[in-house]
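Visitor: Predicted model, plus sequence, below.
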Amino acid sequence: MEDIGGDGPSTATAALNQRRHEAWKLFQYYLDKSTPHSLYRWIGTFALVSIYALRCYYVQGFYIVTYGLAIYILNLLIGFLSPLVDPELEPTDGLLPTKGSDEFKPFIRRLPEFKFWYAITKAFCVAFAMTFFSMFDVPVFWPILLCYWLVLFVLTMKRQIMHMMKYKYLPFNIGKQTYKGKRPVGRASSPRAD
């Protein structure tokens with residue numbers, strides 16, 4: 001008699017864990033299938049951003065939530081634009097070849113595009129859910145937050161662009177890249193010297 005009563009909660013917990021595991025596997029399956037379709041993923045995310053913006057505009061609030069979201073996205077953007085190995089910390093392992101015999105090293109991001117997209121999408125989902133709870137709607141003068149975020153964005157991007165220029169890397173693909181070496185200074189401009 002005691003065995004029947006004792007198995008009830010553990011059986012229910014095991015069944016719940018099984019359902020949760022199956023739901024997670026199904027979610028991961030569709031997430032994996034969406035990996036090669038970056039354009040459609042970003043279109044879906046921009047639709048979610050639009051819904052979030054309309055929600056904030058409609059309720060005229062949640063500026064602190066939006067500010068926190070913007071700071072988080074700025075942090076993700078820095079990771080997306082930064083190389084995996086920072087040349088300032090490891091000067092021996094440069095990003096680009098310096099000699100003709102060096103092998104070309106492609107730009108590898110600290111935060112890959114898929115993880116960047118996934119983090120932004122999750123952040124907007126969480127922020128959208130937060131707009132349904134009035135405790136997150138803190139009254140604040142939003143132009144001050146906007147100006148502060150713009151100053152923070154400009155200073156951060158300036159520092160990132162200066163870093164990109166200093167170490168000569170570009171975090172975007174612009175075609176096949178090859179190293180041509182240094183051109184000799186004393187040679188004629190024509191390849192044939194008659």
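Guide: That came through fine.

Visitor: Tell me who's in contact with the residue positioned nearest the centre of the chain.
Guide: The centre of the chain sits closest to Phe116, judged by C-alpha atoms, centre = their mean, with a distance of 2.4 Å. The contact partners of Phe116, by C-beta atoms under 8 Å, 6 or more residues apart in numbering, come to Leu76, Gly79, Phe80. Where C-beta positions appear, they are placed from N, C-alpha and C, glycine not excepted.

Visitor: And Thr45, by the same measure?
Guide: Neighbouring residues of Thr45 by C-beta under 8 Å, 6+ apart: Trp117, Ile120, Thr121, Phe124.

Visitor: now, which of these sits nearest Phe107?
Guide: Distances from Phe107 to the contacts of Thr45, taken as C-beta to C-beta, are shortest for Trp117 (18.0 Å).

Visitor: List the contacts of the closest residue to Glu113 other than its chain neighbours.
Guide: Of all residues not flanking Glu113 in the chain, Ser38 sits nearest, at 6.6 Å (C-beta to C-beta, 6 or more residues apart in numbering). Shown in contact with Ser38 (C-beta under 8 Å, 6+ apart): Glu113, Phe114, Trp117.

Visitor: can you pull the buried residues of stretch 78-88?
Guide: Judged by neighbour count (16 or more other C-beta atoms under 10 Å), stretch 78-88 contains these buried residues: Phe80, Leu81, Ser82, Pro83, Pro87.

Visitor: picking that back up, quick check: the two most widely separated of the contacts of Thr45?
Guide: Trp117 and Phe124 (10.9 Å).

Visitor: tell me what the helix or strand where Val151 lies is packed against?
Guide: Using DSSP states H and E, Val151 falls within helix 142-167. Applying 3 or more C-beta pairs under 8 Å, 6 or more residues apart in numbering; DSSP states H and E, one finds that helix 142-167 contacts helix 63-81.

Visitor: The helix it packs on packs against which elements?
Guide: Using 3+ C-beta pairs under 8 Å, 6+ apart: helix 63-81 touches helix 113-130, helix 142-167.

Visitor: quick one, the longest one and helix 63-81 angle?
Guide: Here helix 142-167 runs at an angle of 10 degrees relative to helix 63-81 (axes from the mean of the first three to the mean of the last three C-alpha atoms, to 10 degrees).

Visitor: tell me the mean pLDDT over helix 142-167?
Guide: Helix 142-167 shows a mean pLDDT of 91 in the predicted model.

Visitor: got the buried residues for that helix?
Guide: Using 16+ other C-beta under 10 Å as the test for burial, helix 142-167 gives Trp142, Leu145, His163, Met164.

Visitor: Could you give the separation of the worst-scoring helix or strand of the chain on mean pLDDT from the chain centroid?
Guide: Every helix and strand of the chain was ranked by mean pLDDT, DSSP states H and E. The lowest is helix 2-33, at a mean of 83. Put simply, helix 2-33 sits 32 Å off its chain's centre (C-alpha atoms, centre = their mean, to the nearest Å).
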